[in-house]
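J.: using only what follows, build the 3D model:
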Amino acid sequence: MKKMILLILALCFGSLVGVTLSQNDEVDNAATMTVLKQDSGTNLSQMNMTLYSVAMDMDAFSVGEAVKFTAPNPGWKLKQVRVAGWNGFDGNATSIPESENFLIEVRDEKMNLLYRMADTQNAYFTFPAIILRAIDLPSVPVTDEFYVIFYDRGSMFIGMELENSTGSSYFYDSVYSELLPVEFTDQSNTTTSINWLIRAVGE
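T.: Prediction:
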């Protein structure tokens, strides 16, 4: 599998990195469930992170941001996906973008599709800051390793952590059913492996 090295457009995102991250109330409502994280687990407001959309570099309708998780026990069911994202809203009504869909897929370790849903980005991410949003799913049984794939489709940005890579974040090319490693190279030719800020919640 060919290593993919992409360029972070630092000038485009310099103004976004400093946006305050807000915790969504929906997250607290699921406090009794188990949260699986494949980022550093650092408090998001203190995390070294930036924003990204697949549309910057490739076909945003066929490629998504994927995170690999492991079910903590037999019979575990995925009930919620949490995504840190932003649709560009800055507090002014005129900045609300045109309503477009994102797509979420859940796939097993062999990349067989277990569940798929689409919804509008404005229903979840219209907030004047990066926000961690909880997206409820019907109970999806998962065993062993599984993947949550978020296709931003160019409708929004999702958060990515720029350090402490866990090695569990990928691009998923749905045309070729292929996982691609994610590495970014900045303008000083420094290569960084990242964590997508996507979490799996269930019981």
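J.: my read: Pro138 touches Tyr115, true?
T.: Yes: using CB atoms under 8 Å, Pro138 is in contact with Tyr115, at 7.5 Å. C-beta here means a position set from N, CA and C on the backbone, and glycine is covered the same way.
J.: the chain: helices as residue ranges?
T.: Per DSSP state H, the chain carries helices over the ranges 10-17, 25-28, 122-125.
J.: just the CA trace of stretch 69-77, in CSV.
T.: What follows is stretch 69-77 as a C-alpha-only set of coordinates in CSV (Å, rounded to 0.1, in the frame of the first residue of the first chain):
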residue,chain,number,x,y,z
PHE,A,69,-11.4,0.7,17.1
THR,A,70,-11.6,-2.5,19.1
ALA,A,71,-14.8,-3.6,20.8
PRO,A,72,-14.1,-3.8,24.5
ASN,A,73,-16.1,-7.0,25.0
PRO,A,74,-18.2,-9.6,23.2
GLY,A,75,-21.7,-8.3,22.5
TRP,A,76,-20.7,-4.7,22.5
LYS,A,77,-22.9,-2.4,20.5
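J.: now it: mean pLDDT?
T.: In this model, stretch 69-77 has an average pLDDT of 97.
J.: which regions of this protein sit below the pLDDT cut-off?
T.: Applying pLDDT under 70 to the chain flags residues 1-30.
J.: where is the longest strand in this protein?
T.: strand 130-141 (DSSP state E).
J.: so who does Ser174 touch?
T.: Applying CB atoms under 8 Å, 6 or more residues apart in numbering to Ser174 gives the contacts 62-64, 105.
J.: quick check: of these, which lies closest to Ser168?
T.: Using CB to CB, the shortest approach to Ser168 within the contacts of Ser174 belongs to Gly64, at 14.6 Å.
J.: give me the neighbour count for the residue lying closest to that closest one once chain neighbours are set aside.
T.: Leaving out its chain neighbours, the residue that sits closest to Gly64 by CB to CB, 6 or more residues apart in numbering is Tyr151, at 3.8 Å. Neighbourhood size, Tyr151 [other CB atoms under 10 Å]: 23.
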